[in-house]
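Engineer: Here's a sequence, model it:
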Amino acid sequence: MTQAIWNGAVLAESDRCIVVAGVYYFPPDSLNRACLIESDTHTYCEVKLGQANYYHITVEGNVNKDAAWYYPVLENPKYKNIEGYAAFWKGVQVTNN
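Structural biologist: Residues are numbered from 1 along each chain as shown. As a prediction, the model looks like this:
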């Protein structure tokens, strides 16, 4: 089971993660939505050919801005399988037990 943890809170947990270039992408139904707030930040990935949307993570009043991202739509067929899946960074620990 793979988990994403920040400040002691489990942000996501799944045995169905997809790993792309060493990054774990968690399925949408595995996310702890109580800890995620949609951000206004967007970037574009030239490789995956899609816009990334971001989440702020909030745990017990602490906020980690833009610490998770996902691609709602990807044009590169090689990466279509991670559409809607979320990945983490900025101090979020991802463990695979």
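Engineer: What ranges does the chain have for its strands?
Structural biologist: 2-6, 9-14, 18-20, 23-25, 36-45, 50-59, 62-70, 86-88, 93-96 (DSSP state E).
Engineer: ok now stretch 74-87, how far from the chain's centre?
Structural biologist: Here stretch 74-87 shows a centroid-to-chain-centroid distance of 12 Å under the convention CA atoms, centre = their mean, to the nearest Å.
Engineer: Dump the strands of the chain into JSON lines; add mean neighbour count as well.
Structural biologist: C-beta: built from backbone N, CA, C; applies to glycine. Shown next, in JSON lines, are those (neighbours: other CB atoms under 10 Å):
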{"stretch": "strand 2-6", "mean neighbour count": "20"}
{"stretch": "strand 9-14", "mean neighbour count": "20"}
{"stretch": "strand 18-20", "mean neighbour count": "15"}
{"stretch": "strand 23-25", "mean neighbour count": "19"}
{"stretch": "strand 36-45", "mean neighbour count": "12"}
{"stretch": "strand 50-59", "mean neighbour count": "19"}
{"stretch": "strand 62-70", "mean neighbour count": "18"}
{"stretch": "strand 86-88", "mean neighbour count": "23"}
{"stretch": "strand 93-96", "mean neighbour count": "12"}
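Engineer: which one of those strands lies closest to Lys80?
Structural biologist: Proximity to Lys80 (CB to CB) singles out strand 50-59 among the strands of the chain, at 9.5 Å.
Engineer: Quick check: pLDDT value at Asn97.
Structural biologist: Looking at Asn97, its pLDDT reads 80.
Engineer: Much appreciated, bye for now.
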